[in-house]
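Asks: Next input, structure requested:
(one chain, ligands or ions: 1)
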Amino acid sequence: MSFSSLNLDAVIVKAVAAAGYETPTPIQQQAIPAVLSGRDVMAAAQTGTGKTASFVLPILQKLSQRKPAHPRPVRALILTPTRELAAQISEQVTKYSQFLEPKLKHLVVFGGVSINPQMMGLRGGVDILTATPGRLLDLVGQNALKLNEVEILVLDEADRMLDMGFVRDIQKILALLPKVRQNLLFSATFGDDIKGLTSKLLKDPVAISVTPENTTAEKVEQQVYHVAKGQKTGTLIQLLETHQWQQVLVFMATKHEANRLTEKLNSAGISAAAIHGNKSQNARTAALSGFKNNEVRVLVASDVAARGIDIAQLPYVVNFALPRGAADYVHRIGRTGRAGMSGLAVSLVSPDEMPQLKQVEKLIGMKIPVVELAGGLTQQINDRELTIRPPRPPRGPAKPKTTDGSADKAGADRKANNNPRPGKPRTTSGSNTTGNSTNTGNGGAKPAAKQGQPKPQGQRTDNRRPNTESNHSGQRRTNKPNPGRATKGE
Ligand code: AMP
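Replies: Predicted coordinates:
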């Protein structure tokens, strides 16, 4: 099946081809015709299935078929739980709408950054607005926009929005929308809360399910390493170095542990950055873009912050600690093996985590293969023996709390953000973003081969530093945290 057979306009098909996609993914095959026909949609789909394009492409087509009124009212509203996801949806809107004439205007708004540029951006109106719920309501409260002409509403990652406590905000937003509209709801899971929401929101929806609930992406190879609690950092460093893994997303149990691990990795000469709810939006954006550009090799994340991370061909996910809820394991490893690519998900499991491992295995219906720490990996490193450069004593008076609720984010970010070692060329993973059936990364490679001989890699030749705030010694700082209200939940 091709994109043009889905009745998409030639300019949209051209943009999809420019993105490198050849074949619509299963969710795209089902959702695009349903959205084009004007039906409500209820889709069970995880991130990584191509779900964003499944609603963005037909929305672009529908909106471009009619001239907007003047000033432009918001005609499509896309609600998402996290800032990162909002930003990534917006990137996709830009990508897929690039050849449309006349252009559609779109804007992304989220908390944690100043509201003023967003208010300016709304002047004159926008056709498509992607928003986190809290900031959207702030903007409505400030009369920066009206939602009474919304024709299409998308609730993306609806389960996560409810998990994060956005239910009231969503209800308030629904009350601002016209009664007659098209509703598209995407959710990885369909628990009772979501079922309640869908029954109120959706009228005779087309139900689509592309990934059976709680199954792990087929292309993700999973492995467990049994490691003593105090030896996880050393083990991770050895795995990174032995197998030369690049672009590794590491999940931590707490924000504090994420900061600690980031410091240790940077001290060991492995460029790492932390991304979690206590970081300023600018620090998070810088960490994510450094990671996407291969300037940051390891992104150390909390569950919520990692939720919206979309990087084509993210090859490695490491569970430094298993998540508290087994369903989160599925979400975490869904970061890799996306849109037909292959991936490796490694869990470092200490003896006290065995009950969680059992729960995960029960949920996914399989036993995860255990890999012995051998072949050059000396297991006996105690994390205590890993030295960390002590942070410099603070200069000047203590900074006040930032408005998004975190204590001195700049200081915390300075400590936790990284700088790769200058002068050390580093390999990078391929930047090809195509997802066709012939380009499956290292799919089909045997586990050992996959670890030991990662995908063909380019050499980094420059010594660019990531656009993060500074190194440990606080020498450099390019991004100032931007005061502003944070969105709820992050
Ligand atoms: P999503 O599930 O929307 O987060 O998309 C996951 C990734 O798949 C994104 O990086 C998209 O750019 C990519 N993608 C979306 N549609 C396709 C397609 N038809 N073929 C290959 N990759 C795709």
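Asks: Low-confidence stretches in the stretch 301-450 of the chain?
Replies: Of all residues in the stretch 301-450 of the chain, those with pLDDT under 70 make up the ranges 304-313, 335, 337-342, 374-450.
Asks: Can you give me the domain boundaries for the chain?
Replies: By the assignment in automatic domain parsing, the chain contains the domains 3-209, 220-387.
Asks: looking at it, V150 is touching I78, isn't it?
Replies: No: counting by C-beta atoms under 8 Å, no contact exists between V150 and I78, whose distance comes to 10.4 Å. All C-beta atoms are positioned from the backbone trio N, CA, C, and that covers glycine.
Asks: quick one on the thing from earlier: redo the domains of the chain as TSV? Include mean neighbour count and distance to the ligand.
Replies: Rendered in TSV, the data for the domains of the chain read as follows (neighbours: other C-beta atoms under 10 Å; distance: least, C-beta to the nearest ligand atom, whole Å):
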stretch	mean neighbour count	distance to the ligand
domain 3-209	19	3
domain 220-387	20	3
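Asks: looking at these, which has the lowest confidence?
Replies: Mean pLDDT values for the domains of the chain show the minimum at domain 220-387, a mean of 82.
Asks: now the helices for the stretch 151-300 of the chain?
Replies: Using DSSP state H, counting those that start in this stretch, the helices of the stretch 151-300 of the chain run over 158-163, 167-176, 192-201, 232-243, 255-267, 281-292.
Asks: Restricting to C-alpha, output the first one in PDB.
Replies: What follows is helix 158-163 as a C-alpha-only set of coordinates in PDB (Å, rounded to 0.1, in the frame of the first residue of the first chain):
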ATOM      1  CA  ALA A 158      -4.900  10.200  26.500                       C
ATOM      2  CA  ASP A 159      -4.000   7.600  29.100                       C
ATOM      3  CA  ARG A 160      -0.900   9.500  30.200                       C
ATOM      4  CA  MET A 161      -2.900  12.700  30.300                       C
ATOM      5  CA  LEU A 162      -5.200  11.100  32.800                       C
ATOM      6  CA  ASP A 163      -2.400   9.500  34.700                       C
END
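Asks: Show me how far that helix is from its chain's centre.
Replies: Averaging C-alpha positions (C-alpha atoms, centre = their mean, to the nearest Å) puts helix 158-163 15 Å from its chain's average.
Asks: With the longest one instead?
Replies: Distance of helix 255-267 from the chain centroid (C-alpha atoms, centre = their mean) equals 20 Å.
Asks: looking just at contacts, which helices and strands does that helix meet?
Replies: Packing contacts for helix 255-267, counted by 3 or more C-beta pairs under 8 Å, 6 or more residues apart in numbering; DSSP states H and E, involve helix 232-243, strand 272-275, strand 298-301, helix 409-416.
Asks: Adding distance to H226 as columns, could you present those in CSV?
Replies: Output for the helices and strands packed on helix 255-267, formatted as CSV (distance: least, C-beta to C-beta, whole Å):
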stretch, distance to H226
helix 232-243, 10
strand 272-275, 24
strand 298-301, 22
helix 409-416, 28
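Asks: quick one: contacts for the nearest residue to L185 once chain neighbours are set aside?
Replies: On the basis of C-beta to C-beta, 6 or more residues apart in numbering, the spatially nearest residue to L185 that is not a chain neighbour turns out to be L155, at 4.7 Å. Residues in contact with L155 (C-beta atoms under 8 Å, 6 or more residues apart in numbering) are 79, 161, 170, 183-187, 197, 201.
Asks: what's the answer for E149, then?
Replies: E149 is in contact with 69, 73-75, 178, counting by C-beta under 8 Å, 6+ apart.
Asks: With A69 as the reference, measure out to it.
Replies: 8 Å (C-beta to C-beta, to the nearest Å).
Asks: show me the contacts for R324.
Replies: By C-beta under 8 Å, 6+ apart, the contact set of R324 is 253, 356.
Asks: Which of the three states applies to it?
Replies: coil (DSSP: H, G, I helix; E, B strand; the rest coil).
Asks: Make sure A345 is actually in contact with V330.
Replies: No: taking C-beta under 8 Å as the definition, A345 is not a contact partner of V330, at 10.2 Å.
Asks: can you tell me which helix or strand A86 belongs to?
Replies: In this structure, A86 is located in helix 83-96 according to DSSP states H and E.
Asks: That helix: how far from the chain's middle?
Replies: Between the mean C-alpha point of helix 83-96 and the mean C-alpha point of its chain there is a distance of 11 Å (C-alpha atoms, centre = their mean).
Asks: tell me the angle it makes with helix 281-292.
Replies: Using axes from the mean of the first three to the mean of the last three C-alpha atoms, to 10 degrees, the direction of helix 83-96 lies 60 degrees away from that of helix 281-292.
Asks: which residues touch helix 83-96?
Replies: By C-beta under 8 Å, 6+ apart, the list of residues contacting helix 83-96 from outside reads 12, 15-16, 18-19, 47, 52-53, 56-57, 60, 78, 80, 106-112, 128, 130-132, 156-157, 281, 284-285, 288, 305, 307-310, 487, 490.
Asks: Could you identify the helix or strand that succeeds it?
Replies: Helices and strands here follow DSSP H and E; after helix 83-96, the next one along the chain is strand 106-109.
Asks: what does that following strand contact?
Replies: 86-87, 89-90, 93-94, 97, 118, 121-122, 126-132, 135-136, 139.
Asks: Could you point out the helix or strand that follows it?
Replies: According to DSSP H and E, the helix or strand after strand 106-109 is helix 116-122.
Asks: That following helix packs against which elements?
Replies: The elements that helix 116-122 packs onto, with contact taken as 3+ C-beta pairs under 8 Å, 6+ apart, are strand 106-109, helix 133-141.
Asks: repeat that for 10 Å
Replies: Other elements packing on helix 116-122 under the criterion 3 or more C-beta pairs under 10 Å, 6 or more residues apart in numbering; DSSP states H and E are strand 106-109, strand 128-131, helix 133-141.
Asks: Save these as JSON lines, and put in distance to A34 too.
Replies: Rendered in JSON lines, the data for these read as follows (distance: least, C-beta to C-beta, whole Å):
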{"stretch": "strand 106-109", "distance to A34": "22"}
{"stretch": "strand 128-131", "distance to A34": "19"}
{"stretch": "helix 133-141", "distance to A34": "25"}
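Asks: thinking again about what came up before, format the contacts of L155 as a markdown table; extra columns: distance to A207.
Replies: Putting the contacts of L155 into a markdown table (distance: C-beta to C-beta, whole Å) gives the following:
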| residue | distance to A207 |
| --- | --- |
| L79 | 20 |
| M161 | 19 |
| I170 | 20 |
| N183 | 13 |
| L184 | 12 |
| L185 | 10 |
| F186 | 12 |
| S187 | 12 |
| L197 | 14 |
| L201 | 13 |
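Asks: what residues are up against A44?
Replies: 27, 51, 159, 185-190, 194, 207-213 (C-beta atoms under 10 Å, 6 or more residues apart in numbering).
Asks: go on, E361?
Replies: Taking C-beta under 10 Å, 6+ apart, one finds 222, 224, 326, 329, 367-368 in contact with E361.
Asks: Apply 6 Å and report the result again.
Replies: By C-beta atoms under 6 Å, 6 or more residues apart in numbering, the contact list for E361 reads K367.
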